[in-house]
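**Q** Sequence isn't available, so here's the structure alone:
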Ligand SMILES: Nc1ncnc2c1ncn2[C@@H]1O[C@H](COP(=O)(O)OP(=O)(O)OP(=O)(O)O)[C@@H](O)[C@H]1O
């Protein structure tokens, strides 16, 4: 009756609310199962009608581990605002109003079939995944789950942990829709079947004690931001990993957004993200955020309006710089490199193309994809690693041994680029700037060792100018 009149005579909502107050914990049930939208009084009036598809129920309790997560109890009704990889951004509908991220596996959409919001139902996992899950903490003897059968579409499997092993039982469906494990013993639905075997567990010799708990995804990273917060405005350039765009964060803050190509392997670009996360210096490009929970991955950094130093030096504005300006650029790079030395990091790809220029000739070091933490004084790499040969010190090019000294060598080549207004070093010789991405042959150069004996010219250089 209540459902019928509420649905048909919506203009009398306030009257129905007086008649059937909606403050109790079950006040949402009309919307979940009755109509396509539901009025929820804990929501602000402007969003009071919520599509049924965004209504979720918490299957398990979850305790927030950071400020942007939301603690929930099993049975909480939630409105999901967005899905972000392994998490959803949800608002609690009843009780204390609160919003935050919860693991997607901890909630179920109420517009899906009735099994979807049962804590024991794990629709899409395979037999081996079920075993792995049931055998991992916090699951224990007697934990069980129901999953879709891999071999028989439309049927199910019951997986139960029995001490250190997992037993699987096929749940068949009769043409009439009833479910059974043993022929001749059908049940009208899954709840009844499970209730029977919980009570009579000796029949399957595996007690059904508690529904399986899903694993908690790793803690959300403070750098992670939702993708909708960023808008792309203008393409700035393109590198090995993908395009770089000028964009806006929340329609106000200008940023640079690197959009990682879909075919890039995660291990190829995560090094750059990890390096950026732990480095903070005014002469190093600053990471603002990442969107890495789904594709394409965005790496968001501060925007340097004048682009890379190599192109800038070749531009009319760059060509008009006097020696003192060039010296100033060199000092800024040395300053950033000094910070990397303090952090025991070797950049390995220092070159004018990897320095970015902003307003008032501000220069910052970028491109930390090849940067590595030095555990000893030397970082050795396999011979298959590709290198920017014209910028690479002989011992690094020939023997793949990198050190702060090999960065000093690259800095020397960078000085050549700066003071020649962006000329290519060793003009006419093979080994262009992108050779580290393609095959190169260090032996085609006749280097004379020098960097191995070089002290930190960057610091001396800076001091000399000061
Ligand atoms: N933060 C930024 N602000 C302004 N322009 C940028 C920024 N980052 C990159 N760019 C521009 O986009 C271009 C491509 O940058 P990206 O880092 O992808 O490639 P790259 O420097 O060629 O390095 P690689 O191919 O080694 O990754 C740069 O040369 C520069 O002109």
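**A** It's in. As the structure is a computational prediction, the values presented were derived from the model and not from experiment.
**Q** Let me know how buried residue 184 is, in neighbour terms.
**A** Using other Cβ atoms under 10 Å, residue 184 has 5 other residues around it. To be clear about C-beta, it is placed using only N, CA and C from the backbone, and glycine gets the same treatment.
**Q** Repeat that for residue 295.
**A** Residues near residue 295, counting by other Cβ under 10 Å, number 13.
**Q** Say whether the ligand is contacted by stretch 259-275.
**A** No. If you take Cβ under 6 Å from any ligand atom as the test, stretch 259-275 misses the ligand, and the best it gets is 7.9 Å.
**Q** Equivalent analysis for stretch 403-414, please.
**A** No. Applying Cβ under 6 Å from any ligand atom, one finds stretch 403-414 separated from the ligand by no less than 13.6 Å.
**Q** For the ligand, what is the nearest residue in the protein?
**A** Closest approach between the chain and the ligand, counting by Cβ to the nearest ligand atom: residue 239, at 2.0 Å.
**Q** What residues does that residue make contact with?
**A** 258, 367 (Cβ atoms under 8 Å, 6 or more residues apart in numbering).
**Q** and it, what pLDDT?
**A** pLDDT, residue 239: 84.
**Q** check which helix or strand covers residue 191.
**A** Per DSSP states H and E, residue 191 falls inside helix 190-199.
**Q** which parts of the stretch 301-450 of the chain sit against the ligand?
**A** 301, 303, 304, 307, 308, 353, 354, 356, 366, 367, 369.
**Q** Is the third one in contact with residue 355, as I believe?
**A** No. Assessed by Cβ atoms under 8 Å, residue 304 is found out of contact with residue 355, at 9.1 Å.
**Q** residue at max distance from the center of this structure?
**A** residue 184 (49.8 Å; Cα atoms, centre = their mean).
**Q** how about that one, phi and psi?
**A** Dihedral pair for residue 184: phi 80, psi 0, per degrees, to the nearest 10.
**Q** where do the helices sit along the stretch 251-400 of the chain?
**A** Here the stretch 251-400 of the chain has its helices, by DSSP state H, counting those that start in this stretch, at 266-278, 309-314, 316-319, 323-342, 394-399.
**Q** Buried residues of the second one, list them for me.
**A** For helix 309-314, the neighbour count (16 or more other Cβ atoms under 10 Å) marks 309, 310, 312, 313 as buried.
**Q** Just read off the phi/psi values of the residue at minimal distance from the centre of the chain.
**A** The centroid of the chain falls nearest to residue 292 when counting by Cα atoms, centre = their mean (2.6 Å). Residue 292 adopts backbone torsions of phi -120, psi 10, taken as degrees, to the nearest 10.
**Q** cool, residue 320 as well?
**A** For residue 320, the backbone dihedrals are phi -90, psi 0 (criterion: degrees, to the nearest 10).
**Q** Please work out how many residues are found near it.
**A** Residues lying near residue 320 (other Cβ under 10 Å) number 9.
**Q** ok, it to residue 421 distance?
**A** Distance of residue 320 to residue 421, computed by Cβ to Cβ, to the nearest Å: 10 Å.
**Q** and residue 202, that's in a helix?
**A** Yes. Assignment of residue 202 by DSSP: H, G, I helix; E, B strand; the rest coil places it within a helix.
**Q** what number of residues lie near it?
**A** Using other Cβ under 10 Å, residue 202 has 9 neighbouring residues.
**Q** again with residue 412
**A** Residue 412 has 18 neighbours, counted by other Cβ under 10 Å.
**Q** Pull up the per-residue confidence for it.
**A** Looking at residue 412, its pLDDT is 97.
**Q** what helix or strand is it on?
**A** helix 404-419.
**Q** got any ranges where the stretch 351-466 of the chain has weak pLDDT?
**A** Where the stretch 351-466 of the chain drops to pLDDT under 70, the residues are 374-386, 431-466.
**Q** What segments of it are strands?
**A** With DSSP state E, counting those that start in this stretch as the criterion, the stretch 351-466 of the chain has strands at 355-357, 363-365, 372-373, 379-380, 401-402.
**Q** Compare these and give me the one nearest residue 330.
**A** Closest to residue 330 of the strands of the stretch 351-466 of the chain is strand 363-365 (Cβ to Cβ; 9.0 Å).
**Q** Helix or strand with the lowest mean pLDDT in the protein?
**A** Between all helices and strands in the chain, the lowest mean by mean pLDDT, DSSP states H and E belongs to helix 29-33, at a mean of 20.
**Q** could I get the buried residues of helix 309-314 as CSV with pLDDT?
**A** Shown next, in CSV, are the buried residues of helix 309-314 (pLDDT from 0 to 100):
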residue, pLDDT
309, 98
310, 98
312, 98
313, 98
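**Q** Determine how far the last residue of stretch 96-109 lies from the first.
**A** End-to-end distance for stretch 96-109, by Cα to Cα, to the nearest Å: 21 Å.
**Q** Flag every buried residue along it.
**A** In stretch 96-109, counting by 16+ other Cβ under 10 Å, buried: 100, 101, 102, 103, 104, 105, 106, 107, 108, 109.
**Q** So which of the residues you listed belong to strands?
**A** Those of these mapping onto strands are 100, 101, 102, 103, 107, 108, 109, per DSSP state E.
**Q** got a list of what the fifth one touches?
**A** Residues touching residue 107, when contacts are defined by Cβ under 8 Å, 6+ apart, comprise 56, 57, 58, 59, 72, 78, 80, 88, 90.
**Q** ok, now the last one?
**A** Contact analysis of residue 109 by Cβ under 8 Å, 6+ apart lists 53, 55, 56, 80, 116, 117.
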